[in-house]
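>>> show me the folded form of this:
(2 chains, ligands or ions: 3)
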Amino acid sequence: MKPAQFEQHEPKTVEEAVSLLESLDNRAILSGGQSMVPMLRFRLAVPETVIDINRIESLDYLEEDDGWLKIGALARHADVEHSELIAERYGSFADTAPLVADPQIRNRGTVAGSVAQADPKGDWGSVLLAHEGEVVAQGPDGERVIPADEFFLLPYDTTLDENELLTELRVPTPAPREGSAYHKLKRKVGDYAMAGSAARLVLDDEGRIEQAGIGLTAVDITNVRATDAEEHLEGERPSSDLFKRAGELAAEQSNPESDEHGDASYKERMVNVLTQRALGDAAERAGLVKRRVSQ
Amino acid sequence: MTNTREITLTVNGTEHTIDVEPRQLLVHAIREELDMTGTHIGCDTGNCGACTVLKDGEPIKSCLMFATQADGSELMTVEGMEELPEARGDLHPLQEGFREEHGLQCGYCTPGMLMSGKALLDENPDPSEAEIREAISGNLCRCTGYQNIVRSIEYAAEELEEVAAADGGTTAASAFDGEFDCGVENCCGGPSTDRDHDATEGGEHR
Ligand SMILES: Cc1cc2nc3c(=O)[nH]c(=O)nc-3n(C[C@H](O)[C@H](O)[C@H](O)COP(=O)(O)OP(=O)(O)OC[C@H]3O[C@@H](n4cnc5c(N)ncnc54)[C@H](O)[C@@H]3O)c2cc1C
Ligand code: FES
Ligand code: FES
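Residues are numbered from 1 along each chain as shown, chains lettered A, B, ... in the order given. Ligands and ions are numbered 1, 2, ... in the order given. Take a look at the predicted model:
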């Protein structure tokens, strides 16, 4: 099916895009299009104007700068998947990228578009939450920084303002003893998650957990943090018993729905298992980081 | 009130200038405006991969992109395969592989499979089975059960290696340009002054 007719703009700068957003009614932003094009085709979205941001070159970056890993709005899933920086330093991002959809979709879809889409089954929201990341938005009144915790409202609904363009996602660069990981359960290759868990651990000099972040996929109305599990972990030494309890707490706090892929209690058990695995990998990677630093 | 726009697509090396509506999908532009029906539409929702083409060398699903977004880019479709040098005027080794190894039954998925296979072999001339399966993970096949598709791509990888060897090893080894230097004295012509080729890379003695 073809989308309804629309006018199209291809701004070349962020300022141009924002002024289009401000001056036009009934418009939609088109980024990688891997969710937007189907929505247009099914006429779930019927905008008069589509603002295609793909030609804003200044938004195409993935870099460390000023204590942050910065992901520009046009960084594609495949850019993260093939980045050496990510492979070396950001375990959860390296785990997630190849698990998003399939190679063709990863070549077009963007990480930022995925977060803006706010599908509770989207993978990146959980990673952003686990890392206590931030969303940077540009609007008519300038730049606004939104903590990941305050970004997701409802399925497909965020605190991004109508007139704002999401320009960047960012997470703090890793502490000396930090590790992170993502585990996802899916029915077959290329599918959205039935459940997923992102974990990030920062250890102190004594090897105790100084900071813990856990983000869950597809088990609530948005990507959510497992705060009870995080609190249980902080101040403790990593151990399989500790992670087991954290897995249970994450499962208790999750709120999955039964569907054709599994009933809610099954998904809760999966949250438990996936969280334990993600924590295990994160702890191991935190140790590896230490060894590399002390060499 | 149709608003159309002029765009230029280079498809299989030939430049085409066409007028499209902003809502025109790339797959429709290729099939309906350019009359190249080798690129198929299977699902229309981004799930099946039958519409896969290469855009600037990368596989993408042409049903998930507007034609205007491909303005100025280089596209490759299944129609272009026979014209590639490695096809030597006949079927491309990948196409030959699908014929020899029975990589198709109804053939609906085949153009997309060929494009994903091509993208893989361009990046990775000697893929493992797991790498092949990952590369075609965005392409569904209702008929074959995939096993023969994997074999077809393996066949092509071997064939391409032979073509390269027959051409004096230029394809596989062209990165070394005959100036190949493994970094060891009195071997491979001894250390060269060309610092672009670092010793570890040349050390594989390929
Ligand atoms: C078959 C299939 C399988 C998939 N599997 C997965 C999966 O396993 N995991 C997963 O996480 N995702 C999956 N996806 C979704 C994919 O990751 C998309 O790339 C992503 O959801 C949207 O990113 P995009 O860049 O394509 O954005 P678009 O589709 O262009 O936009 C999505 C939405 O975000 C808005 N938007 C985009 N960019 C901005 C911006 N910079 N500022 C403000 N608003 C913006 C758009 O207006 C639109 O509402 C799948 C998609 C398909 C088609
Ligand atoms: S027709 Fe494009 S993915 Fe199926
Ligand atoms: S050969 Fe029929 S769908 Fe693949």
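>>> off-centre distance for the longest helix seen in chain A?
Counting by DSSP state H, the longest helix found in chain A is helix A:264-294. With CA atoms, centre = their mean, to the nearest Å as the basis, helix A:264-294 stands 17 Å off its chain's centre.
>>> list the buried ones in it?
For helix A:264-294, the neighbour count (16 or more other CB atoms under 10 Å in any protein chain shown) marks A:267-268, A:270-272, A:274-283, A:285-287, A:289-290 as buried. C-beta coordinates here come from the backbone N, C-alpha and C atoms, glycine included.
>>> tell me the contacts of residue A:221?
Taking CB atoms under 8 Å, 6 or more residues apart in numbering or on different chains, we find residue A:221 in contact with A:120, A:154, A:155, A:255.
>>> so which of those residues are in strands?
residue A:154 (DSSP state E).
>>> need the buried ones from the contacts of residue A:221 selected in PyMOL.
A single PyMOL command selects the buried members of the contacts of residue A:221 (16+ other CB under 10 Å):
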select buried, chain A and resi 120
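>>> and which of the contacts of residue A:221 is nearest residue A:170?
residue A:120 (22.0 Å; CB to CB).
>>> in contact with the residue most central in space within chain A, which residues?
What sits nearest the mean C-alpha location of chain A, by CA atoms, centre = their mean, is residue A:124, with 2.0 Å. Residues in contact with residue A:124 (CB under 8 Å, 6+ apart) are A:96, A:100, A:111, A:114, A:115, A:169.
>>> what's the farthest-apart pair in these?
Among the contacts of residue A:124, A:100 and A:169 lie farthest apart (CB to CB), at 14.2 Å.
>>> looking at the two, which is more packed in?
With neighbours defined as other CB atoms under 10 Å in any protein chain shown, residue A:100 and residue A:169 compare such that residue A:169 has more, 29 against 23.
>>> in a helix, that one, correct?
No - using DSSP: H, G, I helix; E, B strand; the rest coil, the assignment for residue A:169 is strand, not a helix.
>>> and residue 139, what pLDDT?
With no chain named, the answer covers chain A. Confidence at residue A:139, expressed as pLDDT, is 97.
>>> look at chain B instead
pLDDT, read off for residue B:139, is 98.
>>> spatially, what comes nearest to it if we skip its sequence neighbours?
residue B:49 (3.4 Å; CB to CB, 6 or more residues apart in numbering or on different chains).
>>> show me what contacts that neighbour?
A:102, A:104, B:42, B:61, B:109, B:112, B:113, B:116, B:136, B:138, B:139, B:140.
>>> secondary structure element holding residue A:245?
For residue A:245, the host element (DSSP states H and E) is helix A:240-253.
>>> now the angle between helix A:264-294 and that helix, please.
140 degrees (axes from the mean of the first three to the mean of the last three CA atoms, to 10 degrees).
>>> let me know the average pLDDT across helix A:240-253.
98.
>>> quick one on the thing from earlier: gap between the residue nearest to residue B:139 and residue B:92?
19 Å (CB to CB, to the nearest Å).
>>> please apply the same query to residue B:54.
For residue B:54, the distance to residue B:92 - CB to CB - is 13 Å.
>>> which positions within the lengthiest helix in chain B qualify as buried?
Longest helix of chain B, by residue count under DSSP H: helix B:147-166. For helix B:147-166, a neighbour-count test (16+ other CB under 10 Å) marks B:148-157, B:159-161, B:163-164 as buried.
>>> let me know the closest of these to ligand 3.
Of all the buried residues of helix B:147-166, residue B:149 has the smallest distance to ligand 3: 7.6 Å, by CB to the nearest ligand atom.
>>> identify the residue nearest that closest one in space, chain neighbours excluded?
residue B:103 (4.7 Å).
>>> from what I see, the one you found and residue B:117 are in contact.
No - judged on CB atoms under 8 Å, residue B:103 makes no contact with residue B:117 at a distance of 9.0 Å.
>>> more neighbours: which of these two?
residue B:117 (31 against 28).
>>> next, the more buried one: phi, psi?
Dihedral pair for residue B:117: phi -60, psi -40, per degrees, to the nearest 10.
>>> residues in contact with it?
With the criterion set at CB under 8 Å, 6+ apart, residue B:117 makes contact with B:94, B:132, B:135, B:136, B:152, B:153, B:156.
>>> please report how far it lies from ligand 2.
For residue B:117, the distance to ligand 2 (CB to the nearest ligand atom, to the nearest Å) stands at 16 Å.
>>> which pLDDT value goes with that residue?
Per the predicted model, pLDDT is 98 at residue B:117.
>>> ok, the one 3 residues further on next?
The predicted local distance difference test score for residue B:120 is 98.
>>> tell me the contacts of the closest residue to it other than its chain neighbours?
Using CB to CB, 6+ apart and skipping residues adjacent in sequence, the residue nearest residue B:120 is residue B:135, 3.8 Å away. By CB under 8 Å, 6+ apart, the residues touching residue B:135 are A:103, B:116, B:117, B:119, B:120, B:127, B:153.
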